[in-house]
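*Asks:* for reference, the sequence and a predicted model appear below.
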Amino acid sequence: MATREDLARTIGAQLSLTSASRNPVGSRQDTVTVDAAMADDALTLRHIRIGLGLTFLYEIAHLFSASWVLPTPVAFYEVILLDIAVTTIAFALTYTFWCRRRWRELVFFQRVAMVISSVGISIFTAQPIQCFIAAVLLQVGAAALVPWGPRWQARLTSVCLWVIAVGSLVDPSAGASILHLWLELLAAAGLAQFVAALTQGYRSEIEGRMQELRTNEAKL
């Protein structure tokens, strides 16, 4: 004997079929829109996973290469292992439903954590160039792989510059070369911002064309 839940599902399905038969063009248009959005989200998450995977490989290589440099403080290994843990957790979160809506925040905080840890490594090893290299790679990599637009890229750039500035004040061991390091960092920040703006413009153009195609299809 059918329960109330079964009857409700049957009535709901019949209403959906009736609505779709009355407006087949609109139904097809909505389906195309949803499919396009899902494909775009899947591509974005794939790019994020690629970036996190490359970060993970870099951290592993950094961990093993440090054993060849003597002496290496214990704090260095602790920071690297923490970076690996953060990257692994971020990678796992990309498979959750939460990440579909909050992937910008996930990438932002993971990048910021990497910049802060790179400053700590530079202080522990007395090699300030490491944090500058990390900041350049993280900014350019985010702009190239993550389609989050110039606003989020500007936020990441601002935090990177602020963290590197604090690290430079804490550990002024770079000496006269600090000027060249800052010039290179600012150039990379400008390049990353340009790439982010260019990517957003390209995506907006593609979305406009897709919307125009859907509108023309609806008129047929």
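*Replies:* That came through, no problem.
*Asks:* which SSE is residue 157 in?
*Replies:* helix 149-170 (DSSP states H and E).
*Asks:* pLDDT averaged over that helix - what is it?
*Replies:* Mean pLDDT, helix 149-170: 92.
*Asks:* now swap in stretch 188-200 and tell me
*Replies:* 93.
*Asks:* just the CA trace of that stretch, in PDB.
*Replies:* Only the C-alpha atoms of stretch 188-200 are listed here, as PDB (Å, rounded to 0.1, in the frame of the first residue of the first chain):
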ATOM      1  CA  ALA A 188      55.500  39.400 -10.100                       C
ATOM      2  CA  ALA A 189      52.500  40.900  -8.200                       C
ATOM      3  CA  GLY A 190      51.800  43.200 -11.100                       C
ATOM      4  CA  LEU A 191      52.000  40.300 -13.500                       C
ATOM      5  CA  ALA A 192      49.700  38.200 -11.400                       C
ATOM      6  CA  GLN A 193      47.200  41.000 -11.200                       C
ATOM      7  CA  PHE A 194      47.300  41.400 -14.900                       C
ATOM      8  CA  VAL A 195      46.800  37.700 -15.500                       C
ATOM      9  CA  ALA A 196      43.800  37.600 -13.100                       C
ATOM     10  CA  ALA A 197      42.100  40.600 -14.800                       C
ATOM     11  CA  LEU A 198      42.800  39.100 -18.300                       C
ATOM     12  CA  THR A 199      41.400  35.800 -17.300                       C
ATOM     13  CA  GLN A 200      38.200  37.300 -15.900                       C
END
